[in-house]
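*Asks:* Sequence plus the predicted model coming up.
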Amino acid sequence: MIRNYDALTVGKYEAIMRAEREHADDINGRNLAIISILTDMNKDKLLDMTVPKFRELMDQATFLRRPLRPAPVLKAYTLGDMTLRPVADIQKMTTAQYIDFQTFAKAPDNRTAEMLSCFLVPDGHRYNTGYDIAEVQKAIREYLPVTAAQGLLAFFLETSRRSMLNTLRSSAETLKRTNRRKKDKRITAATMELNMSIHLLRAGAGFPTSTPLLK
C-alpha cells in the first residue's frame, strides 16, 4: 500500500488522474479504482474485502487529500538502469525539445512522463538522439516519484517563464523605441498586447497547480 506522495510513481499518479476523470460522477467507483492503483490489488479482490478492511485502506490513502509538495531538483536521476540529467538551462534546449514540451503540455489528458522526457536526457546523449525516448518515458513512469516530477516541472516552467519574460520585455522595448519615431497605431496595439502578456506571465497565468486527488 502506497501511503505517501514520495512513494507514488509518475505512472501511478497518471493512473489516478485517469481514474478521477473516468469516475467523476461516481465516488465509489473512483475510490475503488484509486485503492486498486495504490495497492496493486484487482477490483474483484477489493470487492470481496470486508468493509472495515477497505475503510482501513481508505484511511491510509488520505495523503491524497493533502497538496502535493514538489521535491528539489537534482543534478541526475537514476531510474532503473538509466541515469537521466535535466536540461537546466533553457537556452541550451533544442527547438525540437521546446516544441515537443509545448505539445505535450497542451494535451487534454495528463502527459507527465512525456513532458519530463523532453528535458530529462540520458547521460552522455543529446535529446532524442542515440536512445529510445519511449524507454525514458517508461522509466519515468515506473521509477520517478511524483514529488520529483512536480519539482522538475515547476523548475522548468519557472525557467521558461523567466526566459519568455525577458524576450517579451526586449520586444516591447524595441517596439516602444520604434513607435517614438513612427507613431503607428498598429505598433501601439502590438506593444499593448506584449505588455498584457508580460503582466499575465508575471502573475503566473497558465501554470498548473497541484491539487488533492481524493475526495
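*Replies:* Sure, I can see it. Residues are numbered from 1 along each chain as shown.

*Asks:* dump the residue contacts of residue 57.
*Replies:* By CB atoms under 8 Å, 6 or more residues apart in numbering, the contact list for residue 57 reads 1, 35, 38, 39, 46, 49. Every C-beta, even on glycine, is put in place using the N, C-alpha and C of the backbone.

*Asks:* Which SSE is immediately downstream of the helix or strand hosting it?
*Replies:* Using DSSP states H and E, residue 57 falls within helix 51-60. Using DSSP H and E, the helix or strand that directly follows helix 51-60 along the chain is strand 77-79.

*Asks:* ok, which stretches of this protein are helices?
*Replies:* Remark: helices assigned in the chain by DSSP state H are 10-22, 27-39, 43-47, 51-60, 95-105, 112-117, 133-143, 146-182, 185-202.

*Asks:* Around the residue nearest to residue 77 when sequence neighbours are not counted, how many other residues sit close by?
*Replies:* Among residues not flanking residue 77 along the chain, residue 84 sits closest, at 4.8 Å (CB to CB, 6 or more residues apart in numbering). Neighbour count for residue 84, taken as other CB atoms under 10 Å: 23.

*Asks:* Check residue 142 too.
*Replies:* 14.

*Asks:* is it true that it touches residue 80?
*Replies:* Yes. With contacts counted by CB atoms under 8 Å, residue 142 reaches residue 80, the gap being 6.8 Å.

*Asks:* you'd agree residue 39 is up against residue 1?
*Replies:* Yes. At 5.2 Å, residue 39 and residue 1 qualify as touching, with contact defined as CB under 8 Å.

*Asks:* ok so, going back, give me every residue that touches the residue nearest to residue 77.
*Replies:* 76, 77, 78, 120, 121, 122, 123, 136, 139, 140.

*Asks:* Pull out the buried residues from these.
*Replies:* Buried by 16 or more other CB atoms under 10 Å: 77, 120, 121, 122, 136, 139, 140, out of the contacts of residue 84.
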